[in-house]
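> What would the 3D arrangement of this be:
(one chain, ligands or ions: 1)
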Amino acid sequence: MENFQSDNIDLRYRGFGGPLNVAYKEPKQDLSQLKLSGKEEAVPYVEDYNAKGQIGFSRHQRNIRCGKRESGATAYVRPSMTRHNFNLTLNAFVTKIIIDRSTKTAKGVEFMKSGKKYVALSKKEVIISGGAVNSPQLLMLSGIGLEDDLSKHNISLIQELPVGQYLKDHAGFKVYYRSNQTIPKESFRKLLEEFVQGRGMLTNLDNTLTYTYVNTKNKSSTVPNMEFALLARTPVPEPIPEITNYIPEVENYTQNINQQRDFTLAVHLLHPESVGRIKLKSSDPKDFPLIDVALFDDPQDLELMYNGTEIFKQFGETPFAKHYNLTMFDFTFCDEYERDSKAYWYCAIQKLAYSTYHMSSTVKMAPRKDPFAVVDNKLRVYGIKKLRVADCSIMPTTISGHNNAACFVIGERAADWIKSDYGISTME
Ligand SMILES: Cc1cc2nc3c(=O)[nH]c(=O)nc-3n(C[C@H](O)[C@H](O)[C@H](O)COP(=O)(O)OP(=O)(O)OC[C@H]3O[C@@H](n4cnc5c(N)ncnc54)[C@H](O)[C@@H]3O)c2cc1C
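Next up, the predicted model:
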C-alpha cells in the first residue's frame, strides 16, 4: 500500500512502490537534544515508529508527496480515472441506501446532485464509505439501527443493529512552553512562493517535530497507551488553537500563545475506556447527526491522562528544553487549586480537553454476539445482503496511532475480499 521514502527501511514492516507516499519533513532536524542519556526511565529514540517497536520518540512521518498532502484522491482516485471500470461523480450527496424490505437486500443508493434526485442501482453490492459520522447516519436513515431511536424520527426499521452506539476516539489536551527565542515572522507570500516551488514550511503539512509513544500503565508493554506530539514554533501567526470547552478563562490562556516563540506538547490518550455515540437529529439527511464523544465519561480516562503528565517532567530535563529555557504556561484558570497538585492537573486537563477527530467504531466490526457488532469480519452488515461498510467506522476499537493510514488498509482489504467473493483476479 505504501511508498515509504526513507534511507532506512525495515522491509519486515515497511513497503515501497505502493500508491500512498510516506515521507519525512525535509530538511531533517537534529533531534539529539531530545535524548535523555544516563536515565534508566528515559524515553528512547526510535528510528521508525511504524516498524518493529513504537515505544519511544521518533521523527514525525507524513503522508506527503513532493511537499504536498497525499490523500485517497491523490494516491488512488486520480491515478484510476482512466480505468474503464471506474466511474466517479462529484458533489453528489447520498441520502439513502435502497433496501428491498422483503429480501433485506441492498439494491443501490439515492443521491442528490445539483438539486436533482438520482438513483444508482448496483449489479453486485453497495459499499458505504462515508466515514465514522456519515456511515452510521446513512445506515440509520435507511432503516438500520435501534428501533427506539429510528421510530422517534418516523423511520421504519429494516434491521435492528446498534449502529452509532459505540463511538471511540482519542482524547487530547495541549500544554504550551515559552522559549527564550522568537523566530521571525514570514509573509504568506514568501511561504506560498516557496510552496509552489516544492519547498519551505508549507510543504511540511504541520510543524510536528516528534511523536512519542509510551505506556504509562505498564512500562514493559510494547503497546502504547499515550502519544505526545511535540510541535515546533512557526513563523506564521496561526489562529488561536481550538478547544472544545469555550470558557473565558481558557480563552485568555490560549490567547497568550505566541506561535513564533512557544512550543506545544499535545497529549493523546490512545485507548480511552469512554464510549460515545452518534444519533440522528432528524430524518433529514442534511441535518448533522448528534455526536457525543463522551470525553472522560469513564473516570479512568482522566486518571490516565493525569498519569501521562509524568512525561512532562522528563521533557523538562532534556537538553532541548534547557537550550530553549522552556517554561510551561501556568493554568491560571485552575488557580483555586494548589499548583502542580492532582486537583490542579485534573482541572487543567478537563478544561483543555478536546476530541482529536479520530472517531471510529460507530459501525463496529465484531462477532455477532458482541453487543455493539454491526458488520462481520468481511465488513458485511449483519442481516442485510449485499451491503458493506468500508471506512474507519468499522474499526473494532481505537488504534495506537492516527486513523488515516488504517483507513487505507481497510479499503485495500475490502477490495481484496470483494474481488475474491466475485472471482475477480487481483491483477484486474
Ligand atoms: C481536522 C482533522 C484532522 C485530521 N488529521 C489527521 C492526521 O493528521 N493523521 C491521521 O492519520 N488522521 C487524521 N485525521 C483523521 C482522518 O482524517 C480520518 O480518520 C480518516 O479520514 C477517515 O477516513 P474514512 O475513509 O473513514 O472517512 P473520510 O475520510 O471522512 O471519508 C468519507 C467521505 O465520504 C464523504 N461522504 C460522507 N457522507 C456522504 C454522503 N452522504 N454522500 C456522499 N459522500 C459522503 C465525505 O465527504 C468524505 O469524502 C484527521 C481528521 C480531521 C477531521
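
> Every contact and neighbour count from this point should use C-alpha atoms.
Will do.

> didn't K68 look like it was pressed against T203?
Yes. If you go by CA atoms under 8 Å, K68 and T203 touch, sitting 5.8 Å apart.

> Comparing those two, which residue is more hemmed in?
Using other CA atoms under 10 Å, the more surrounded residue of K68 and T203 is T203, with 22 against 17.

> Spatially nearest residue to the more buried one (excluding sequence neighbours)?
G67 (4.2 Å; CA to CA, 6 or more residues apart in numbering).

> So which bits of the stretch 251-400 of the chain are right by the ligand?
357-358, 391-392 (CA under 6 Å from any ligand atom).

> how about 8 Å then?
285, 356-360, 390-393 (CA under 8 Å from any ligand atom).

> Kindly supply the ChimeraX command isolating those of the residues you listed that are buried.
Only the buried members of those end up in this ChimeraX selection, burial being decided by 16 or more other CA atoms under 10 Å:
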select :285,358,359,360,390,391,392,393
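
> Thought M201 was touching the residue nearest to T203, still the case?
No. The pair G67 / M201 is not scored as a contact, 9.3 Å apart, by CA under 8 Å.

> Tell me how many other residues crowd A92.
16.

> Identify the residue nearest it in space, chain neighbours excluded?
That would be K113: by CA to CA, 6+ apart, it lies 4.7 Å from A92.

> Okay, and the beta partners of that neighbour?
Here K113 sits in beta bridges with K116, going by DSSP bridges.

> Okay, now the unreliable bits of the chain?
Within the chain, the segments meeting pLDDT under 70 span 237-246, 426-428.

> Show me it divided up by domain.
The chain is divided into the following domains under automatic domain parsing: 31-62+170-355, 76-167+361-421.

> show me the contacts for R101.
By CA atoms under 8 Å, 6 or more residues apart in numbering, the contact set of R101 is I158.

> The same query, at a cut-off of 10 Å, please.
Going by CA atoms under 10 Å, 6 or more residues apart in numbering, R101 touches 143, 157-159, 384.

> Regarding it, what are the backbone dihedral angles?
phi -60, psi -40 (degrees, to the nearest 10).

> Within the helices and strands, which one has the spatially most central residue of the chain?
With distances taken as CA atoms, centre = their mean, H358 lies nearest the centre of the chain, 3.2 Å away. Using DSSP states H and E, H358 maps to neither a helix nor a strand.

> sorry, back to before: G67 and M201 - which one has more neighbours?
G67 (23 against 19).

> anything in the longest helix along the chain near the ligand?
Scanning the chain for the helix with the most residues, using DSSP state H, yields helix 404-421. Yes. Using CA under 8 Å from any ligand atom, helix 404-421 reaches the ligand at 404-408, 411.

> helices and strands around that helix, which ones?
strand 2-4, strand 20-24, helix 72, strand 387-389 (3 or more CA pairs under 10 Å, 6 or more residues apart in numbering; DSSP states H and E).

> Quick one, which of these gets closest to N307.
Among the helices and strands packed on helix 404-421, strand 20-24 comes nearest to N307, with 30.5 Å by CA to CA.

> Please work out which residues outside the closest one touch it.
By CA under 10 Å, 6+ apart, strand 20-24 touches 1-6, 15-16, 59-67, 69-72, 74-76, 204, 405, 408.

> so after it, what's the next helix or strand?
strand 56-59.

> Give me the distance from that following strand to the chain's centre.
For strand 56-59, the distance from its own C-alpha centre to the chain's C-alpha centre is 19 Å (CA atoms, centre = their mean, to the nearest Å).

> Now do that strand: everything it contacts.
24-25, 28-31, 34-35, 42-50, 208-215, 224, 227-230.

> ok, now with 6 Å
Strand 56-59 is contacted from outside by 43-47, 210-213, using CA atoms under 6 Å, 6 or more residues apart in numbering.

> May I ask which of the residues you listed has the most neighbours?
Counting neighbours by other CA under 10 Å, Y213 comes out on top of those with 28 neighbours.

> does any bit of the helix or strand hosting it sit next to the ligand?
Assessed by DSSP H and E, Y213 sits inside strand 208-214. No. Applying CA under 8 Å from any ligand atom, one finds strand 208-214 separated from the ligand by no less than 10.1 Å.

> Perfect, I'm done here.
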